[in-house]
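In: could you work out the structure for the sequence below:
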Amino acid sequence: MTSETATTSTGPAAPTAPEAESFPHGLGMSLPSQDAHAKAEGTFPYAADLWAEGLLWAAILRSPHAHARVVSIDTSHAREMPGVRAVVTHEDVPGGALAGHRASDRPMFASEVVRHHGEAIAAVAADHPDTARMAAAAIIVEYEVLDPVTDPEQSFAAEPLHPEGNLVRHIPLQHGDAEATGEVIVEGLYRIGRQDPAPIGAEAGLAVPRPDGGVELYIASTDPHGDRDLAAARYGLERERVKVVVTGVPGATADREDPSFHLPLGLLALHTGCPVKLAASREESFLGHPHRHPTLLRYRHHADAEGKLVKVEAQILLDAGAYADTSSDALAAAVSFACGPYVVPHASIEGWAVRTNNPPSGHVRGEGAMQVCAAYEAQMDKLAKKLGVDPAELRMRNVLATGDVLPTGQTVTCPAPVAELLTSVREFPLPPLPKDGPEEDWLLPGGPEGVGEPSAVRRGVGYGVGMVHMLGSEGADEVSTATVKVHDGVATVICAAVETGQGFATLARQIVQETLGVEEVHVAPVDTDQPPAGPGLRGRHTWVSGGAVERAAKMVRTQLLQPLAHKFGMSTELLQIADGKITSYDGVLSTTVEEAMDGKELWATAQCRPHPTEPLDASGQGDAFVGMAFCAIRAVVDVDVELGSVRVVELAVAQDVGRILNPAQLAARIEAGVTQGVGVALTENLRAPKGIVRRPDLTGYALPTSLDTPDIHLVNLVEERDVVAPFGAKSASAAPVVAAPAAVASAVRAATGRPVNRLPIRPQAAVAAEQQAPAVEPTA
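Out: Got it, this is the predicted structure:
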């Protein structure tokens, strides 16, 4: 894989990198992560590396059935095994019976009914991990197996799978004239598969009992205060007696950690009075945590004879799996962005999220928006074909801009340079055709060992234009608190924003360096003794936590400069800090930050809270989102139209980034998002026939590797600052995840002439129709 940036448009504490190395600092510079060296050398401590004196090991017994009635649970054999210290079931849960990240509808352990394959039944603590696993296997559970409901369309008429019913949420959005029609109409039915977040490190954690009868959880949480509150409620304890300490996070493109892992862990520590550790296997990880919502979408697009959109009708059905989790949020995003970044005067969108006996669904990067993007971009391709118009040109005729109105009635007030993004990728030079020679065989779809013929390879070019919302939505209180302290020339940032790989810890250092002129900045480890900062998703920590750090640093800056300003009879606004020096506008004052500190300790605490949003009303109307980000991708693919194998040759990316705060980190985030999108398009699908997860491992679940990753060109990163956002920056990772699968599917359509209505793209869908695209003629 290669990557390049062609143009930029204007508009417990881990070991750190040696401080002796000199790097550019401040916003706009590519300051490296402090933990980069430790992670590269393998010395960075993750939860799976933790240890404590008197440690016990945990194992969880999970259901082998997707739907069953629990007749009885016999734990006597497990309790009698040497080395077993505790066995817990639903009968041992002292607090509320139900849990969940967003909706409290999920038990810690199944009691009367099992609702999905892999649901936790019991947990064991023993003095050795093998003993714990054998004891869990020795628990005898008598099941009455029931017929699972695995088709979300059947969920409406099925018997209730949950006391709260099968319907999680229904949003009937109506915008404009319901009777409006267009001269040209295209329809389509689309299916999006189940993607797993597949973090590099599986779930792990350590629970340590406290002297006050509480417990400390050392886990890779992305929402420590939310996990703390959830655990306290389930354990029947006050929040002050439960502490979450965030360990190193080994990958997080979704929520971590799942309650089915850390809640039993803490319960075992409370029962035994000993530290208890859990390190999940990859199979347990696949079975335990939520996945992306499988989605069924029906679309009808109306346009006039010139290709201007008149109306969009859509039905969107999200499979929530056994429990609600974040399905309400995902459905709101799907319905709100169902028309994409296009101007649509009239829309009738109906969305449902329903419970089934499939594996639970939850937050995964770009949830809701990714599924609808694949569908509405397929519709744009169909419409272009029917009108005889270039697909990119059709999109250009309909693009959204600042000041336009979404189908939810919300006016787009943030920068929306969709036309510029699409123009950039459209005009970027196409890659050369492959040469004819044995050294180029690896460039063929299927690789050098493939059995296809070069004459069967067709090239296709396609487009995907996507949008995502930033922060929470529909009235969520998006607030974060940060403290900045400076003493002896060293600054410390205290903020409960978890570094998940998105670069917040580096951003916090850059903010303080630029504001205070202090080069050495440390970010304190995160735990719930600190004020809450909220979950790490949708660019929250860049916006609200970065904003809180900036405000706190500016307050410290005022404390630092006020005595000097008073002494020289001038305003603090007339003083500037740069390169560790304080100077006045007229040159009268010139001193160093260290001299101005004079041994004092300065500190300040500040909050950042963006403007409020509101829930969607009964007709799907409302200002539900704080801000939005946009991305356009042009995909070039080679397809063996006889075998159906696909190779993504190149992805040209243009993205609306607001402001580039760290160029290297931004490029890495976008490239990672694009690569994840390639996996969604071609390989990643966690299959669960009859609700039973098939091959829950990294052999059966095909993640894209370096060999699958195409050349990625960042052709235009549009810097048009969002004036209501701190620094003007926008979310970076989710938008390319949303647009990339649609672009790849569009390119495969162009190469094969087939509709490609399902993701990931199956080989039979990539076998050319009778009217094939022109063959790729090798160059000499």
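In: skipping adjacent residues, who's closest to Met134 in space?
Out: Nearest non-adjacent residue to Met134, counting by Cβ to Cβ, 6 or more residues apart in numbering: Met81, 6.9 Å away. C-beta: built from backbone N, CA, C; applies to glycine.
In: ok, now Ser473?
Out: Of all residues not flanking Ser473 in the chain, Ala624 sits nearest, at 4.9 Å (Cβ to Cβ, 6+ apart).
In: and the residue nearest to Met134, what does it touch?
Out: Ala126, Thr131, Met134, Ala135, Ala138 (Cβ atoms under 8 Å, 6 or more residues apart in numbering).
In: tabulate these (JSON lines), appending pLDDT and secondary structure.
Out: Shown next, in JSON lines, are the contacts of Met81 (pLDDT from 0 to 100; DSSP: H, G, I helix; E, B strand; the rest coil):
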{"residue": "Ala126", "pLDDT": "97", "secondary structure": "strand"}
{"residue": "Thr131", "pLDDT": "97", "secondary structure": "helix"}
{"residue": "Met134", "pLDDT": "97", "secondary structure": "helix"}
{"residue": "Ala135", "pLDDT": "97", "secondary structure": "helix"}
{"residue": "Ala138", "pLDDT": "97", "secondary structure": "helix"}
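In: return the closest of those with respect to Thr247.
Out: Ala126 (22.5 Å; Cβ to Cβ).
In: wait, isn't the closest one in contact with Ala78?
Out: No: in this structure, Ala126 is not within contact of Ala78 by Cβ atoms under 8 Å, at 9.1 Å.
In: common neighbours of the two, please.
Out: Joint contacts of Ala126 and Ala78 (Cβ under 8 Å, 6+ apart) are Val84, Ala135.
In: and these two? which has more neighbours close in?
Out: Shown here are Ala126 and Ala78; by other Cβ atoms under 10 Å, Ala126 has more neighbours (27 against 23).
In: leaving out the residues flanking it, which one is nearest to that one?
Out: Nearest to Ala126 is Ala132, by Cβ to Cβ, 6+ apart, at 4.0 Å.
In: next, count neighbours for that neighbour.
Out: Applying other Cβ under 10 Å, we find 29 residues neighbouring Ala132.
In: same check on the one 4 residues further on?
Out: The criterion is other Cβ under 10 Å. On that basis, Ala136 has 22 neighbouring residues.
In: residue contacts, it?
Out: Shown in contact with Ala136 (Cβ under 8 Å, 6+ apart): Ala59, Ile60, Leu61, Ala78, Ala122, Ala123, Val124.
In: secondary structure class for the nearest residue to Ala252 once chain neighbours are set aside?
Out: Nearest non-adjacent residue to Ala252, counting by Cβ to Cβ, 6+ apart: Thr500, 4.0 Å away. Three-state assignment for Thr500 (DSSP: H, G, I helix; E, B strand; the rest coil): coil.
In: just Ala333 next, same as before
Out: Secondary structure state of Ala333, per three-state DSSP, is helix.
In: OK, contacts around it?
Out: Counting by Cβ under 8 Å, 6+ apart, Ala333 makes contact with Glu367, Gly368, Ala369, Val468, His469, Ser473.
In: at 7 Å instead, please
Out: Ala333 sits next to Glu367, Gly368, Ala369, His469 when contact means Cβ atoms under 7 Å, 6 or more residues apart in numbering.
In: for Ala652, see how far away it is.
Out: Distance of Ala333 to Ala652, given as Cβ to Cβ, to the nearest Å: 26 Å.
In: so for stretch 402-413, what's the average pLDDT?
Out: For stretch 402-413, the mean per-residue pLDDT is 96.
In: gap between the two ends of it?
Out: 6 Å (Cα to Cα, to the nearest Å).
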